[in-house]
Structure formats: structure tokens, C-alpha cells
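Novice: Give me the fold of what follows.
(one chain, ligands or ions: 1)
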Amino acid sequence: MCGIVGIVGSRSVAPLIVDALKRLEYRGYDSAGVATFVDGKLDRRRAEGKLVNLEARLADDPLPGKTGIGHTRWATHGAPVEVNAHPHFSDGVAVVHNGIIENFRELREELEADGFSFASQTDTEVVAHLVAKGLRDGLDAKGAAGAAVSRLRGAYALAIMFGGDDGLIVGARHGPPLAIGHGGDEMYLGSDAVALAPFTNQITYLEDGDWAIVRRHSVEIFDADANPVERKIDVSTGAAIVVDKGNHRHFMHKEMYEQPEVIGHTLANYVDFNEQAVVLRDSGDASNPVDFAGLPRLNITACGTAYLAGFVSKYWFERHARLPVDIDVASEFRYREAPLQDGGLSLFISQSGETADTLAGLKYCADEGQHIASIVNVRESTMARASHSVFPTLAGPEIGVASTKAFTCQLTVLASLAIATGVQRGHIDRATEARLVGELSEAPRYATDALKMEEQIRTLAHDLAGKKHVLYLGRDTNYPLAMEGALKLKELSYIHAEAYAAGELKHGPIALVDDEMPVVVIAPHDRIFEKTVSNMQEVAARGGQIILITDQRGAEEAGMETSRTIIMPDMPELVTPIVYSVPVQMLAYHTAVHMGTDVDQPRNLAKSVTVE
Ligand code: F6R
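Specialist: Okay, here's the model as predicted:
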């Protein structure tokens, strides 16, 4: 993770770097720092904790200079303390880094033997010393940076500055993304285009293995074999993005409330409302579309909440399209050496499009000759650019670290894809397609109704706040939604929560249930509702405190029309995972607010996980 920024500027850059880092704080917020070139040498300010602390430090002790680099950190090697904050210095060299240097131990031993002493516990510091060693050995800045990078194993996006050369930053990328921004009289580097949006929308994305010599009016790019290469300049849409909470207390709250609108936008990209038909808009390589009709198998890979969206869709693809689906968390899939069927489709789901494990899974499948499709929210992301087929979610920028609107938009795309696949494979006739599309089209309206239950959920959340453990139960598509509920509660409120398929409870986890244990049951009245009622009775008989999220009929049949029942509007089964996400998110949100945790930036987390 971590966010990096560099500016070769024509004005004082420290405030500009801090401004850009604010747009990258979603990548990590354990500590931050900035270094500039001042009076012929490098200087820096660093601070533990969030960027406001660095801002305060700079206000007390400003840092002049027209060339600078900055960093916001998500700690991997070494505690989140100031001494480990970037930029890291060696003799005449400053480095900021996103990623993990896997061979840092052996490099550190070698450098220590060579007389370099280390001030931090980070892996990054070896890069600073390696570059300094190159300079000491008589290489110029470019040669020293190139020699250092050639020694690194692992994942890195780097920005390197030199005490002997104002007006130069070297950037390098292997794994995590790095974008170069072209200004009139300045050049920029950043982890993404959004960070650079206040300065320019002219963006060059470095390819994997590239490194670049960035000066005030020029950039030279080299590939991994040190051959000069041309990379095109894209016009980024990031500049249009306004990062603003509006009148909401948290970004997460705003993003939950945006869901009816963004689900609607996303839907409009995939269905023809008049014809009540799915129109697949693949914004990938038009000459190589997915052949859903002939697919033998679909394998889905993602992490966290995006994985759970994929898990919901397994039920849809198998039920509506009779397409067998394998689904994995990417961190397991990437090393599992799964045999993949010829002609298969590998689908990757990611809000950021930069998650390291998911990208590694994508590379594995591409090497195995699979058709690669991705569902991403950031259209310019590495994942989108590495896919044959791209199905964007139109959620807009998601700032809250806990994913909400990206999840419901992923579900919206997946439901559309499942219907289209069913049609193309001959399992959904025209009338059924029209019915299913009609049902899906109602999702924004139901989501609006669900948002109106906020007051009731806020009250219920009082009961969860302060608990030590919470169980979540669901069946069918509501099982992965139960997992999403437990994940949201854990990450936001730090309460331990686990989800089980409701029928699995009796095979062990029921031993946990006593009169201290809240059990959130997600169970709209559906084909298997009665089965879930039996499981609830098993919980109730052991004193478990049930919070039931259901509809009117479900509440009546469960015999639980109490203050602990959230009664949702009646809706078709297809849209329930999308719409029931809203109370599930709100319950976690309000529990966290009651407990006073940092909702938008929970401890230990980061929005974009670009390390494995
Ligand atoms: C949880 C959450 C994470 C992400 C996961 C994948 O609220 O946001 O679990 O879903 O880190 O991130 P992306 O979707 O960017 O690949």
C-alpha cells in the first residue's frame, strides 16, 4: 500500500505534495513525510499518524524547495513510528516507496558490511543506501538508480531524489502503479491520477518494470531491460473528482446514501430499460469479446468485499445461467496452481483495480491462456488495462476505507452479467429476461426505501456496541452477505464477528451461542426461509439474541415482529443481496459510531492493498 508523490516544480512544493497526499490517504495513514531539495541538499519533515500531523509539523517548521517527494504510509516492515516514516535518506539520496522489497534482509546485511548504517526497521531504507552506494562508486544519478533497482526483488513503486541534482526525480515501478503527470512548467509522479488531479490531467502510466527520469520539462522512460520506450499520454478523468463529505458526518455515510443513484448509473450501462433486456457493454478490447455461450467454466478471484460480491454471483451464474463457477480469495488462488479449463473465463473483481493479490491471480490466468475479464471501479487501473474485457462499476470514487457503494455496484454488474450469460446459453427465455431485468431495475428504488430505516438501525446498533462477539447467519446469496456484514462490523467497530451458512451452525459454531451472543440473521422470505427459521429457533433456544433482517412475511412467519426485527420492503429475490446490503452496512456503521471508532479510516487498514 502507501501513497507516493513527487513534484519537479517551479514553486514551493511541500504544500502541493501534502495536498496530493491527502488524495492518497486512502492507501495508508500510519505516518507521512515529505522531503525537498533546499540550499543544495535534501531536507525532510515526517510525522507519525495521519496527514494532519505532518501538516502541523510543516506549519511549525516549513520546508521550502521546488523539487520534492512525499509519502503516506501503511506499515509493513517496522512499527508506524516517525523513524520508520518515509522519505528515507542515505548520503545525498531520498526515497519514498510503495510495496515490499522481499530481499531486503540480504541487501541490508550486504550494505551493513559495506559500512552503511540503518536508521529504521523498514525494507525501503535499503533502496536509499543502494542508490547512495552507486553514487559513491562513481555512477551518475541515473546509473545509480538503475543499478539499485536491478538488485530489488518484490514489489515497488519508487520515487528517488538526489542531493546533487535539484530538478530530478527518478521513478520506478514493479507491481504497484506509478503515474507520471505532465504539467506546463512542472512534472509530477503519483500512485494514481487522482493524486495528481489538482495539477494536471495529462497522465502517462508506467508499465510493469518501467523506470523514468523525470525533469522539470521532460521525462525519459526505460523498460525493465533499460531500453528507452515511449508510453502514451492519457487524459485522466480524475481531475473531475471532488473529494468532499457534503453534509454527511463520514464519507462512508455519504457513500451509503449514494447507492440508489450509483446502482442506477451502473444498471443503465448494462440494461436497456425500454426493451427490458441486458446490453453488455464491455469497455475492453472490442475485437476480443467474451463468448458466454461457449464457456465451460467461470473462475472468479477477488479479495475482501469484492470477493464476497463474487461469491453472491456464484449463486446467480449457476442458477440462472447453469454456468459452473469456482471462486477463490486471490491470496490463496495465486499460489494454488489451479488447473484451468481451456476456453474458460477468469473474472477479477476489484474496486481499486490495484489489489496486489488479485493482480497476481490475473497474471496467472493470463499466462494459462484464459480470457481475462475484470469488474473495476477505477477504469484506468492496472487490472482494467490488463484485461481483455472490462465491465466497469459506475460507483464514482469511494473514499471510505470500508467498501459500500462499490460492493452494491459490483453486485449490479454481476447480476446483469449472470442474466446475459443465461440468455446467451439458452437458459433464460425472452420473457424471463424481461422479468429479471425489470426486477433488477427496481433495485435503486428499494435501496432508497432501505435507507429510510436508518433511525431504527441506529437504535438497534446500541445493542451491538460494546459486545465482544457477534454471529451473522444467512443462506443462499444471503450467506455471502452475512459474511460481508461480519467483515463490515469487524473492520469498523473492532468487534469480533463471524458469519456462517445458517445450516452449518449446528455443526460446531452453535457451541458459541449463549445469552450474551447477538446473532444477526439475514433472511428475506424466500424458498428456503423455513429452514432458516429452524436455525433461528436453535439459536433462540440457547438464549442467543437474534436481530432479524427480513420482510413483512418473514417477520410474521418467524413469529418475531419485535424491535429487534428490521422489516424490509417486499422485493424480488434477485435484488435482495443488493438491497439488504444497506441495513447490513448501516448496522456496522452505527455500531462503530456508537463506539467512537474512526469510521472512514479504521485502524490498521488501507483502501488499496497493493502489497501481498
Ligand atoms: C472491506 C474492503 C476490502 C476490499 C478489499 C479488495 O470493506 O473494502 O475488503 O474489498 O481490500 O479491494 P479492491 O476491491 O480494491 O480489490
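Novice: Next one, pLDDT for residue 240 please.
Specialist: pLDDT for residue 240: 47.
Novice: Give me the neighbour count for the closest residue to the ligand within the chain.
Specialist: Closest contact between the chain and the ligand, by C-beta to the nearest ligand atom, is at residue 304 (1.9 Å). In this view, the C-beta of every residue, glycine as well, is placed from N, C-alpha and C. Residues near residue 304, counting by other C-beta atoms under 10 Å, number 22.
Novice: what's near enough to touch it?
Specialist: Going by C-beta atoms under 8 Å, 6 or more residues apart in numbering, residue 304 touches 403, 487, 609.
Novice: how does it look with 10 Å?
Specialist: 329-330, 350-351, 355, 357-358, 402-403, 407, 484, 487, 491, 605, 609 (C-beta atoms under 10 Å, 6 or more residues apart in numbering).
Novice: just the buried members of these?
Specialist: Buried members of those, counted by 16 or more other C-beta atoms under 10 Å: 329-330, 350-351, 355, 357-358, 402-403, 407, 484, 487, 491, 605, 609.
Novice: you'd agree residue 353 is in a helix?
Specialist: No. Judged by DSSP: H, G, I helix; E, B strand; the rest coil, residue 353 forms no part of a helix; its state is coil.
Novice: May I have the predicted confidence score for it?
Specialist: pLDDT at residue 353 comes out at 94.
Novice: Also the one 3 residues further on?
Specialist: According to the model's per-residue confidence, residue 356 sits at a pLDDT of 91.
Novice: Surely it touches residue 156?
Specialist: No. Under the criterion of C-beta atoms under 10 Å, residue 356 makes no contact with residue 156, lying 11.4 Å away.
Novice: quick one: common contacting residues for the two?
Specialist: Taking C-beta under 10 Å, 6+ apart as the criterion, residue 356 and residue 156 both touch 99, 100, 175, 176, 610, 611.
Novice: Now do the strands in the stretch 51-200 of the chain.
Specialist: Assigned by DSSP state E, counting those that start in this stretch, the stretch 51-200 of the chain shows strands spanning 67-73, 88-90, 93-101, 154-162, 168-174, 179-182, 187-190.
Novice: Each with direction, which strands does the first one pair with?
Specialist: Same thing as strand 67-73. Using DSSP bridges, strand 67-73 pairs in its sheet with strand 3-8 (antiparallel), strand 31-38 (antiparallel).
Novice: ditto for the fourth one
Specialist: Applying DSSP bridges to the sheet, strand 154-162 is found paired with strand 93-101 (antiparallel), strand 168-174 (antiparallel).
Novice: Name the residues of this structure found near the ligand, please.
Specialist: Proximity of the chain to the ligand, by C-beta under 6 Å from any ligand atom, involves residues 303-306, 350-352, 355, 358, 402-403, 487, 491, 608-609.
Novice: next one: stretch 102-110 to chain centre, how far?
Specialist: Centroid displacement of stretch 102-110 relative to its chain, using C-alpha atoms, centre = their mean, to the nearest Å, is 30 Å.
Novice: Identify the residues contacting that stretch?
Specialist: Contacts of stretch 102-110 (C-beta under 10 Å, 6+ apart): 77, 101, 111, 116, 118, 122-127, 129-130, 133, 148, 151-156, 612.
Novice: swap the cut-off to 6 Å and go again
Specialist: Stretch 102-110 is touched from outside by 123, 126, 153, 154, with contacts defined as C-beta atoms under 6 Å, 6 or more residues apart in numbering.
Novice: cool, stretch 478-491 as well?
Specialist: Contacts of stretch 478-491 (C-beta under 6 Å, 6+ apart): 308, 311-312, 402, 470, 472-474, 495, 497-499, 501, 522, 577, 580, 584-585, 588, 602.
Novice: hmm, 7 Å instead?
Specialist: Residues from elsewhere that reach stretch 478-491 (C-beta atoms under 7 Å, 6 or more residues apart in numbering): 304-305, 308, 311-312, 402, 407, 470, 472-474, 495-499, 501, 520, 522-523, 576-577, 580-581, 584-585, 588, 591, 602, 605.
Novice: returning to what we had before: please identify which of residue 356 and residue 156 sits among more neighbours.
Specialist: residue 156 (26 against 23).
Novice: pLDDT wise, what is the more buried one at?
Specialist: On pLDDT, residue 156 comes in at 91.
Novice: Just name the most buried of the strands paired with strand 154-162.
Specialist: Comparing these by mean neighbour count (mean count of other C-beta atoms under 10 Å), strand 93-101 ranks first with a mean of 28.
Novice: which intervals of the stretch 1-150 of the chain have sub-threshold pLDDT?
Specialist: Residues of the stretch 1-150 of the chain meeting the criterion pLDDT under 70: 1.
Novice: let's see 80
Specialist: Applying pLDDT under 80 to the stretch 1-150 of the chain flags residues 1, 26-28.
Novice: Ok, the chain next?
Specialist: In the chain (pLDDT under 80), the answer is 1, 26-28, 236-247, 286, 560-563, 606-612.
Novice: please redo it, this time with the cut-off set to 70
Specialist: By pLDDT under 70, the low-scoring segments of the chain are 1, 237-244, 246, 560-563.
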